[in-house]
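Asks: need a 3D model of the sequence below.
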Amino acid sequence: MKPFGLASGLVQGRTETSPEARLWDFLVIGAGPAGSLAAHELAKYGAAVLLVDKAAFPRHKPCGGCLSWRALRELELSGLGHLARELGAKRLGTLYLGAEGRRARIRIPESAGLSRESLDAALIHEACAQGVTFLPETKGVFEKAEDNAAVVRLASEGREFTARARMVLATDGLLGTALSESESYPSSVAPDSMVGVSTVLEAGASPAEEGTIYMACGKEGYVGLVRREDDKLEIAAALRPQFLRAAGTPGACAALFDQAGFDIPAGLKNADWKGTAPLTRERQILAGRRLFILGDAAGYVEPFTGEGIYWAFLQARALTSLLHSLRFEWYDALEEEWPRLYAKLMDKRRRACRAMTRLLRFAAFRRAVLRGLGLMPWLAGPVVKSIHGSGPEKETSRPYAGRGLSKAAA
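Replies: Residues are numbered from 1 along each chain as shown. Got it, this is the predicted structure:
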């Protein structure tokens with residue numbers, strides 16, 4: 001298993017030339033799953049890529065600690081299928097769903113329990129191995145697009161400087177700063193959006209079974225628990241803001257576990273909790289001149305068990321395949337092509353996830369689902385499909401290319 005401290009040596013990917021002294025093919029702002037995989041894929045195709053992130057790595061991110069089978073498949077298609085195994089990820093094959101005092105075990109396509117600390121560091125490492133130059137603790141802000149390049153202002157160690165790239169990818173999350181100085185890319189938050197919280201507990205905090213995702217659902221939100229590669233327990237929840245303020249983070253999560261009939265993990269009260277901004281949001285414009293927005297920066301719906309990372313990987317592969325098909329040349333039509341492709345990839349998936357989260361807020365629906373699973377276990381199939389998809393044998397994934405654009409590039 002690769003060590004968590006892997007990221008400490010990642011800056012070895014830097015070149016001898018300072019970042020501001022050359023024209024990059026791509027500058028990627030944000031080294032989460034979308035940004036790191038995009039940087040990896042672009043460099044694999046031969047592009048000169050600068051990847052920056054304002055954080056130091058490894059870092060803890062509020063996350064459920066799960067890679068769905070779909071996310072694992074995207075890694076496999078990128079030539080990174082070995083990562084989960086080498087990082088010691090726990091195999092997950094069961095979803096233990098609880099609500100209204102009822103519980104049901106559901107078989108799911110094989111997934112993986114893996115911390116974001118390990119995953120993010122490993123993705124950056126693989127990107128650097130492809131030749132990506134990575135600058136941690138470096139804030140990036142998109143400034144403008146010129147005729148032949150985009151300009152990004154970078155700030156690191158008290159020094160500000162600019163870098164130029166043929167194209168920029170903004171992948172720096174829900175509240176990223178990449179577009180903070182532009183009014184051209186507004187985002188809106190859903191009025192009923194939940195907020196996310198997450199913590200990590202020691203292995204003995206709960207009798208949680210290895211290989212199982214625990215999910216407790218209630219009208220005020222839902223909370224999940226999974227055992228990750230280091231045997232610690234990752235707990236992540238999406239909660240109504242009013243409930244969170246009234247009960248406090250430990251109390252809110254404990255209440256949901258209790259209502260579902262699960263044991264309350266020891267140590268919730270004194271745990272180091274991390275929170276997020278409101279989760280469900282949408283950005284109205286996803287591309288500009290020499291600029292693409294993807295990952296959580298493009299929009300988000302509170303997911304269940306791994307959809308968020310899968311969506312990030314899916315978008316990264318789609319955009320990089322599109323750009324590769326155009327030989328990394330900029331075309332003005334890309335400002336319309338990327339939003340079109342994004343909608344094709346994401347609209348149905350986002351609607352399905354949004355519908356499920358809304359339905360689970362109704363007690364009658366939660367009771368009906370759990371009662372039905374108890375009486376008719378075959379109903380687990382539609383439940384799994386609504387949350388995890390049909391399964392690897394029924395879904396395929398392929399590179400994406402712009403229809404008209406790829407002809408223009410030929």
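
Asks: dump the residue contacts of Phe243.
Replies: Contacts for Phe243 (CB atoms under 8 Å, 6 or more residues apart in numbering) come out as Glu220, Gly221, Ala252. C-betas here are computed from N, CA, C, even on glycine.

Asks: excluding chain neighbours, what is closest to the first one?
Replies: So that's Glu220. Phe243 (3.9 Å; CB to CB, 6 or more residues apart in numbering).

Asks: distance check, that neighbour against Leu201.
Replies: 21 Å (CB to CB, to the nearest Å).

Asks: can you name the helix or strand that Ala318 falls in?
Replies: helix 307-325 (DSSP states H and E).

Asks: now for that helix, which elements pack on it?
Replies: Packing contacts for helix 307-325, counted by 3 or more CB pairs under 8 Å, 6 or more residues apart in numbering; DSSP states H and E, involve helix 33-44, strand 66-67, helix 69-77, helix 334-359, helix 403-409.

Asks: dead centre of this protein: give me the residue that sits there.
Replies: Central residue of the chain (CA atoms, centre = their mean): Ile309, 3.2 Å from the mean position.

Asks: per-residue confidence at that one?
Replies: Looking at Ile309, its pLDDT is 91.

Asks: which residues are in contact with Ala89?
Replies: So Ala89 contacts Leu67, Ala112, Gly113, Leu114, Arg228, Glu229 (CB under 8 Å, 6+ apart).

Asks: just send those back as JSON lines, with secondary structure too.
Replies: Shown next, in JSON lines, are those (DSSP: H, G, I helix; E, B strand; the rest coil):
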{"residue": "Leu67", "secondary structure": "strand"}
{"residue": "Ala112", "secondary structure": "strand"}
{"residue": "Gly113", "secondary structure": "strand"}
{"residue": "Leu114", "secondary structure": "coil"}
{"residue": "Arg228", "secondary structure": "coil"}
{"residue": "Glu229", "secondary structure": "coil"}
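
Asks: just put those residues in CSV and tack on pLDDT, neighbour count and distance to Thr320.
Replies: CSV is the format used below for the contacts of Ala89 (pLDDT from 0 to 100; neighbours: other CB atoms under 10 Å; distance: CB to CB, whole Å):
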residue, pLDDT, neighbour count, distance to Thr320
Leu67, 91, 26, 20
Ala112, 93, 26, 23
Gly113, 93, 28, 27
Leu114, 94, 29, 23
Arg228, 92, 25, 28
Glu229, 93, 22, 27
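
Asks: ok, these vs Glu183, which is closest?
Replies: Comparing the contacts of Ala89 against Glu183 with CB to CB places Leu67 closest, at 36.1 Å.

Asks: in the sheet, who's paired with the closest one?
Replies: Beta bridges link Leu67 to Ala112, judged by DSSP bridges.

Asks: what are the ranges of the helices in the stretch 51-200 of the chain?
Replies: 69-77, 83-86, 116-129 (DSSP state H, counting those that start in this stretch).

Asks: so of the ones you listed, which one's packed in deepest?
Replies: Among these, helix 116-129 has the highest mean neighbour count (mean count of other CB atoms under 10 Å), at a mean of 24.

Asks: for that one, list the C-alpha coordinates in CSV.
Replies: What follows is helix 116-129, C-alpha atoms only, in CSV (Å, rounded to 0.1, in the frame of the first residue of the first chain):
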residue,chain,number,x,y,z
ARG,A,116,-9.7,11.1,-0.2
GLU,A,117,-6.3,11.6,1.4
SER,A,118,-4.9,8.5,-0.4
LEU,A,119,-6.9,8.9,-3.6
ASP,A,120,-6.1,12.5,-4.3
ALA,A,121,-2.4,12.1,-3.5
ALA,A,122,-2.2,9.0,-5.7
LEU,A,123,-3.9,10.7,-8.6
ILE,A,124,-1.5,13.7,-8.4
HIS,A,125,1.4,11.3,-8.3
GLU,A,126,0.2,9.5,-11.4
ALA,A,127,-0.3,12.9,-13.1
CYS,A,128,3.3,13.9,-12.3
ALA,A,129,4.5,10.5,-13.6
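
Asks: sounds good, over and out.
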